[in-house]
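Undergrad: Sequence and predicted model, in that order:
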Amino acid sequence: MGETLIKTERLRKVFGDFTAVDDISFEVYKGEVFGILGPNGAGKTTLIKMLSTLLHPTSGRAFVAGFNISERPGDVRKNIGMVFQEPTLDIELTARENLDFHARLYGMDRRKREERIKEVLEIVDLGEKADELVKKFSGGMQRRLEIARGLMHSPKVLFLDEPTLGLDAQTRRKIWEYINQLKEKRETTIILTTHYIEEAESLCDRVAIIDHGRIIAIDTPGKLKGRVGEDTISLVADNLERLAKLLEPLDGIRVVKVTENLLISVSDGERIIPEIFSIAQENNIKISSINLKKSTLEDVFILMTGRKIRDNSDGKLWHVMRTRRR
Amino acid sequence: MVEVNGIYVLWLRDIKRYVRARSRIIGSLGMPIFFLAFLGMGFRRAQIPSLPAEISYIDFLAPGVVSMVVLFTGTFSGISIVWDRQFGFLREIMVSPVSRTTIALGRTLGGATTAIFQGMLMLIVSLIVGFRPDPVGTLSSLVFMTLIAISFTGLGIAISTLMEDIHGFQLVVNFFVFPIFFLSGALFPITEFPTWLKVVSYLNPLSYGVDGMRWSLIGFSEFNPILDFAILTAFSIGIIFLSTFIFERTEVG
């Protein structure tokens, strides 16, 4: 693990009698993609707003890029890029003007500005739209432009608050691609909040699961899933009893039950399946069907809270949130 | 350096948006033009007791209407921060390294500049309607326009920090901006008011702006122009401090 870029110590934020962020401490290291996973209203956005100096913590301390967020907010802001959940572009300006405005706010000179605008527009495939007014952009294009803008001044830390919320599956995948490109370069440390399980699993090096303002677990996605155990394989074969006995002694396998099908719990499903097949074949047992269920971070969340992360009314909620702001 | 640059960038954005919104430029001049043209024609032959006979009503009215344009444009562009908040753009500015003071100053200067532009446009239009100002006086009228512009853009910014969303806008227009306009002596001399209203007018900073404008453009004034200048300067400096002070304390949730 490299240099610590973000450190929070018992960070709290209270609004009236509601505690949005409660006693949160964690560290993020250079080059990491760090996920904050939790249901809507868990305190993810409040946490990120404190780290980006938009909200003052009620108590506790935090350091971003080495600077105390309460004492040196200006220095913190110089070193971070921010992509908000809601649109924050000036829709009356063109894409280029939005980026140029941003670059000037960060004190970049003309040559650097022009160079970077080209680069970041390239990253998010908006090069051809540079001189169009942002109000003509679709939601997905606007989000891409926001990500480009967050990257403009080459920040040490990039905050992405629900970067794919409300986007269609195709655009979401595209944005994951951009984030993965950034991840490979390992120049920017990325903190992203999300309530999409797949997003946290596929993008993040480490994930903090938060609920009701508290961190309930923090680790790599693999190790977190290790807590719920394991993947489950269920299979149907012509001699289940015998197959169960043969599989029992293998490493990392636990036979759960044998009824009309065989249920086994394994640590690494993909790796073990071929082994099962070869054992079955050697012993002349015919497997007629096999099914692998991978454990997810959702299972981790359910294990720790007894609830699911996501309700299915997600799209609707986004709509309500947006209309309420009007 | 970042701060000076920040003020410039915010100013530039306001100017860009202003130049681009041609329909708004013309649209917002509509009402003042009608005020000038129709009131001017309607009261053409009316004689106001406290007004010297050689000053025609349209000459009296035009500086008032120009002040009106500066008042409205300035206040509105100050309040337009509410729009930025609603469309989220304020956050983009608030997480950037420029300080809150710089943001408030940049917005004040940007808004004030557009208000001055609008005022000058209105002055030009009033020439077409038949207003004949003192050519030298137009220079000193620019000074007063600037002071009015800064005062009310700053006031608009201060008001905007108290507004949650844009729904309060009509309230501000009808119960704040219009009374300021009517009580400023823009349409008739303050001397005509009953005493208690006169007192209110004396407390209205725009009264001194209108008076200064009128002194510059037609050489008639109810107060001493130096007093106009001093009070308005003091007010605009005060309002800059007030608006930056309030603005620094806002959290953008």
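TA: It's in.

Undergrad: wait, doesn't B:S28 sit right on B:Q118?
TA: Yes - under the criterion of CB atoms under 8 Å, B:S28 makes contact with B:Q118 at 6.8 Å. The way it works is simple: take the backbone N, C-alpha and C, and place the C-beta from them, glycine included.

Undergrad: Pick out the residue closest to the middle of chain B.
TA: Nearest to the mean C-alpha position of chain B, counting by CA atoms, centre = their mean, stands B:L71 at 2.2 Å.

Undergrad: before we move on, back to that, between B:S28 and B:Q118, what contacts are shared?
TA: Common neighbours of B:S28 and B:Q118, using CB atoms under 8 Å, 6 or more residues apart in numbering or on different chains, are B:69, B:73.

Undergrad: who has more neighbours, these two?
TA: B:Q118 (25 against 17; other CB atoms under 10 Å in any protein chain shown).

Undergrad: Contacts only, for that one.
TA: B:25, B:28-29, B:69-70, B:73.

Undergrad: could I get those residues as a markdown table with distance to chain A, secondary structure and pLDDT?
TA: Below are those laid out as a markdown table (distance: CB to the nearest CB, whole Å; DSSP: H, G, I helix; E, B strand; the rest coil; pLDDT from 0 to 100):
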| residue | distance to chain A | secondary structure | pLDDT |
| --- | --- | --- | --- |
| B:I25 | 14 | helix | 89 |
| B:S28 | 16 | helix | 89 |
| B:L29 | 20 | helix | 93 |
| B:V69 | 22 | helix | 97 |
| B:V70 | 23 | helix | 97 |
| B:T73 | 17 | helix | 95 |
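
Undergrad: circling back to that earlier point, need the three-state assignment for the residue nearest to the centre of chain B.
TA: At B:L71 the chain is in helix, as set by DSSP: H, G, I helix; E, B strand; the rest coil.

Undergrad: That one and B:I148 touch, don't they?
TA: Yes - because the distance of 6.3 Å satisfies CB under 8 Å, B:L71 is recorded as touching B:I148.

Undergrad: what residues are shared contacts of these two?
TA: Common neighbours of B:L71 and B:I148 (CB under 8 Å, 6+ apart) are B:206, B:209.

Undergrad: need the residues of chain B near chain A, please.
TA: By the criterion of CB under 8 Å from any CB of the partner chain, the positions of chain B lying close to chain A are B:1-2, B:5-6, B:8-9, B:12-13, B:16-17, B:20-21, B:86-89, B:91-99, B:165, B:251-253.

Undergrad: Let's see that with 7 Å instead.
TA: Residues of chain B lying close to chain A by CB under 7 Å from any CB of the partner chain are B:2, B:5-6, B:9, B:13, B:16-17, B:20, B:86-89, B:91-92, B:94-99, B:251-253.

Undergrad: buried subset of these?
TA: Buried members of those, scored by 16 or more other CB atoms under 10 Å in any protein chain shown, are B:2, B:5-6, B:9, B:13, B:16-17, B:86-89, B:91-92, B:94-99.

Undergrad: What pLDDT does the model give the residue in the stretch 101-250 of chain B that chain A sits nearest to?
TA: Across the stretch 101-250 of chain B, the shortest distance to chain A (CB to the nearest CB) belongs to B:D165, at 7.5 Å. B:D165 carries a pLDDT score of 78 in this model.

Undergrad: B:G74 versus the residue lying closest to it once chain neighbours are set aside, what's the distance?
TA: Excluding the flanking residues, the one nearest B:D165 by CB to CB, 6 or more residues apart in numbering or on different chains is B:Q86, at 6.1 Å. Here the criterion is CB to CB, to the nearest Å. By it, B:Q86 lies 20 Å from B:G74.

Undergrad: How about A:L55?
TA: 31 Å.

Undergrad: And those two? Which one has more around it.
TA: Ranked by neighbour count (other CB under 10 Å), A:L55 and B:G74 place B:G74 first, with 31 against 21.

Undergrad: Of the contacts of B:Q118, select the buried ones using a PyMOL command.
TA: Buried residues within the contacts of B:Q118, by 16+ other CB under 10 Å, are selected in PyMOL with:
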select buried, chain B and resi 25+28+29+69+70+73
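
Undergrad: quick check, nearest of the contacts of B:Q118 to B:G212?
TA: B:V70 (11.7 Å; CB to CB).

Undergrad: my read: the closest one touches B:I148, true?
TA: Yes - using CB atoms under 7 Å, B:V70 makes contact with B:I148 at a distance of 4.7 Å.

Undergrad: Pull up the residues of the stretch 1-150 of chain A that are close to chain B.
TA: Proximity of the stretch 1-150 of chain A to chain B, by CB under 7 Å from any CB, involves residues A:52-56, A:74, A:77-78, A:82, A:84, A:86-93, A:101, A:104-107.

Undergrad: how distant is the helix or strand hosting A:Q181 from the center of its chain?
TA: Using DSSP states H and E, A:Q181 sits in helix A:169-185. Relative to its chain's centre, helix A:169-185 lies at 11 Å (CA atoms, centre = their mean, to the nearest Å).

Undergrad: Now the element after that helix, going C-ward?
TA: strand A:189-194.

Undergrad: got the angle for that next one vs helix A:169-185?
TA: Here the directions of strand A:189-194 and helix A:169-185 differ by 150 degrees (axes from the mean of the first three to the mean of the last three CA atoms, to 10 degrees).

Undergrad: Name the residues of the helix holding A:Q181 that are buried.
TA: A:171-172, A:174-176, A:178-179, A:182-183.

Undergrad: pLDDT of it, averaged?
TA: 87.

Undergrad: Just the residues contacting that helix, thanks.
TA: Helix A:169-185 has contacts (CB atoms under 7 Å, 6 or more residues apart in numbering or on different chains) with A:33, A:123-124, A:140, A:143, A:147, A:163-164, A:188, A:190, A:202-203.

Undergrad: Tell me the buried residues within the residues you listed.
TA: Buried members of the contacts of helix A:169-185, counted by 16+ other CB under 10 Å: A:33, A:124, A:140, A:143, A:147, A:163-164, A:188, A:190, A:203.

Undergrad: Format those as JSON lines; extra columns: pLDDT and distance to A:L5.
TA: Output for the buried ones among the contacts of helix A:169-185, formatted as JSON lines (pLDDT from 0 to 100; distance: CB to CB, whole Å):
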{"residue": "A:V33", "pLDDT": "95", "distance to A:L5": "12"}
{"residue": "A:V124", "pLDDT": "88", "distance to A:L5": "24"}
{"residue": "A:G140", "pLDDT": "88", "distance to A:L5": "29"}
{"residue": "A:R143", "pLDDT": "90", "distance to A:L5": "24"}
{"residue": "A:I147", "pLDDT": "91", "distance to A:L5": "19"}
{"residue": "A:P163", "pLDDT": "89", "distance to A:L5": "19"}
{"residue": "A:T164", "pLDDT": "88", "distance to A:L5": "23"}
{"residue": "A:T188", "pLDDT": "90", "distance to A:L5": "10"}
{"residue": "A:I190", "pLDDT": "95", "distance to A:L5": "10"}
{"residue": "A:L203", "pLDDT": "92", "distance to A:L5": "17"}
